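1. make a model of this:
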Amino acid sequence: MAAWESARRSEQSPYSHPWLAEAIFALDRWLQRRQSVVEYSTHPQCLFRLQIDRSCRQLVLRDGTLLRRGQRIARLHFWNEHVPPIPEGGTTIRWARQIERGIAISLRELVRYLASQPDLDDVTVICGDVPCGTQSQAQQVAHIMAHYGFETIFEETPAPLGGRLHRFGENILISLMVLARNSVALRADTLRRIRVPVYLSCRDLAERFGAARQAAAASEVV
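-> Presented below is the predicted three-dimensional model:
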């Protein structure tokens, strides 16, 4: 009877450990509110949430967009509940296509959101820190994100101790989320994940994923 009850609970919940998931995602929601991270889209396949932050770097993107230190920037965060879980056997082509479609949808939704927020007119750059396990995987991540127009720009100097501790704390939270939601995807190197910093200008975003681009793509299909 106990085994049957356990199986029934597993069928009812999408999480590997429902009790842990409830606690961890409650903490995640609290952190979102504290950091003013918003859900900019109601689309069920949107993979990102948004935080308006201040840049701690100065750099020039390949299209000439200048990002100054202290300037407001649109920082993307993964919407963990919307990220398709990795199948038990590992990543598949179907899973990869789900991720690709989700990123494209997320960026189209972001164009619409930014266009509807006149108070964000000074935001000219979108950024994100994509976690990955090793340096070789970082190159793969950079290649994938380049497909969507993002360019990878690593910092020239190591992060300060405070920044490294913050990232380690993030890795702990990510590990607990993976354990709670999809335990088969948890790996030994999760706590050592590095970050791949990616950047995209709002101008390039609109050109690639805005209404004009989508209309042109539709006419080509016809």
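2. contacts, neighbours, all on C-alpha from now
-> Fine.
3. let me see the contact set for the residue lying closest to residue 103 once chain neighbours are set aside.
-> Excluding the flanking residues, the one nearest residue 103 by C-alpha to C-alpha, 6 or more residues apart in numbering is residue 47, at 6.3 Å. Residues in contact with residue 47 (C-alpha atoms under 8 Å, 6 or more residues apart in numbering) are 78-80, 82-83, 102-103, 106.
4. 6 Å - rerun?
-> Contact partners of residue 47, counting by C-alpha atoms under 6 Å, 6 or more residues apart in numbering, are 78-79, 82-83, 102, 106.
5. ok, residue 45 next?
-> Contacts of residue 45 by C-alpha under 6 Å, 6+ apart are residue 102.
6. in three-state terms, label it for me.
-> coil (DSSP: H, G, I helix; E, B strand; the rest coil).
7. same question, residue 42
-> Residue 42 ends up coil, using three-state DSSP.
8. quick one: pLDDT of it?
-> Residue 42 is assigned a predicted lDDT (pLDDT) of 95.
9. how close does the residue nearest to residue 103 sit to residue 39?
-> Residue 47 sits 10 Å away from residue 39, taking C-alpha to C-alpha, to the nearest Å as the criterion.
10. swap in residue 69?
-> Plainly put, residue 69 is 26 Å away from residue 39 if you go by C-alpha to C-alpha.
11. more neighbours: these two, which one.
-> Shown here are residue 69 and residue 39; by other C-alpha atoms under 10 Å, residue 39 has more neighbours (16 against 13).
12. which non-adjacent residue is nearest that one?
-> Leaving aside its chain neighbours, residue 39 sits nearest to residue 49 (4.9 Å; criterion: C-alpha to C-alpha, 6+ apart).
13. quick one: what helix or strand has that neighbour in it?
-> Secondary-structure assignment from DSSP states H and E places residue 49 in strand 48-54.
14. show me what that strand is packed up against.
-> With contacts defined as 3 or more C-alpha pairs under 6 Å, 6 or more residues apart in numbering; DSSP states H and E, the secondary structure elements packing on strand 48-54 are strand 37-38, strand 72-78.
15. quick one: mean pLDDT over the helix or strand that comes right after the longest one.
-> Toward the C-terminal end, the helix or strand that comes next after strand 72-78 (DSSP H and E) is helix 93-115. Over the span of helix 93-115, the pLDDT mean works out to 94.
16. the helix or strand just after helix 93-115 to strand 48-54, inter-axis angle?
-> Counting by DSSP H and E, the next helix or strand C-terminal to helix 93-115 is strand 125-132. Orientation note: strand 125-132 sits at an angle of 120 degrees relative to strand 48-54 (axes from the mean of the first three to the mean of the last three C-alpha atoms, to 10 degrees).
17. now what about strand 125-132, what contacts it?
-> Residues from elsewhere that reach strand 125-132, judged by C-alpha under 6 Å, 6+ apart: 73-76, 193-202.
18. apply 7 Å and report the result again.
-> Strand 125-132 is contacted by residues 73-77, 138, 193-202 when judged by C-alpha atoms under 7 Å, 6 or more residues apart in numbering.
19. okay, who's weakest in those by pLDDT?
-> Lowest in pLDDT among the contacts of strand 125-132 is residue 193, which has 68.
20. and the nearest residue to residue 65 once chain neighbours are set aside, how close does it get to residue 87?
-> The shortest distance from residue 65 to any non-neighbouring residue, by C-alpha to C-alpha, 6+ apart, is to residue 201 (6.6 Å). The gap separating residue 201 from residue 87 is 34 Å, by C-alpha to C-alpha.
21. no further questions, thank you.
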